[in-house]
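**Q** just need the structure, nothing else, for what follows:
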Amino acid sequence: DTTANGGFVSAGLGARLVFLTLGVRGRMGFFEAWQLGRIGGELGFRIPLGPLEPRFDLGFGYAGLGSFDGIETETIAIDGFYARAGAGLDVYVADAVSIGGAATFDFMALTRPGLSTTDIADLQSSGNATDAQASLLAAEGSGYGSTVGLMGTLGLHF
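**A** Presented below is the predicted three-dimensional model:
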């Protein structure tokens with residue numbers, strides 16, 4: 001499959017100076033046949049308007065797919081980089097607590113090295129790859145993809 005829907009969890013840690021935030025964020029997406037993990041740096045811009053705070057984020061870092069249904073993730077490695085842009089709105093319900101929502105768009109460039117004949121033979125003998133799949137797994141692969149995320153947020157600001 002080339003498309004899927006699923007949920008994700010995200011956590012970030014950063015430092016904020018008035019309206020600029022610099023930090024790191026990790027995100028894990030959960031889909032039926034795989035998981036998509038991302039970790040990288042993030043730059044945020046916030047516009048403080050009293051209790052309302054519109055925000056814009058840019059991120060860049062490492063992305064990797066894993067946990068393929070029926071195929072060993074140690075054998076097949078698909079990874080690369082991502083670039084993210086997002087926007088949201090936070091509402092401060094207390095001095096150090098905000099709730100809100102955001103939308104993000106991630107662009108990814110991923111690669112997969114070709115498998116050795118030994119790895120392919122192991123996958124075939126375990127029933128995890130057909131002959132047609134084995135010939136594809138012998139070749140290197142690359143591709144581009146994207147994700148769109150809609151989320152509710154809870155912020156703790158220290």
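
**Q** and for residue 7, the neighbour number?
**A** For residue 7, the number of neighbouring residues by other Cβ atoms under 10 Å comes to 10. All C-beta atoms are positioned from the backbone trio N, CA, C, and that covers glycine.

**Q** send the alpha carbons of stretch 62-69 over as PDB?
**A** C-alpha atoms of stretch 62-69 as PDB (Å, rounded to 0.1, in the frame of the first residue of the first chain):
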ATOM      1  CA  TYR A  62      15.600  11.800  10.500                       C
ATOM      2  CA  ALA A  63      12.700   9.600   9.400                       C
ATOM      3  CA  GLY A  64      12.500   5.800   9.400                       C
ATOM      4  CA  LEU A  65       9.800   3.100   8.700                       C
ATOM      5  CA  GLY A  66       9.600  -0.100  10.700                       C
ATOM      6  CA  SER A  67       7.500  -3.000  11.800                       C
ATOM      7  CA  PHE A  68       6.400  -4.300   8.400                       C
ATOM      8  CA  ASP A  69       3.600  -6.800   8.700                       C
END
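
**Q** quick one: average pLDDT of that stretch?
**A** Stretch 62-69 comes out with an average pLDDT of 80.

**Q** contact partners of that stretch?
**A** Defining contact as Cβ atoms under 8 Å, 6 or more residues apart in numbering, one finds that stretch 62-69 is touched by 32-40, 73, 76-82, 106, 108, 110.
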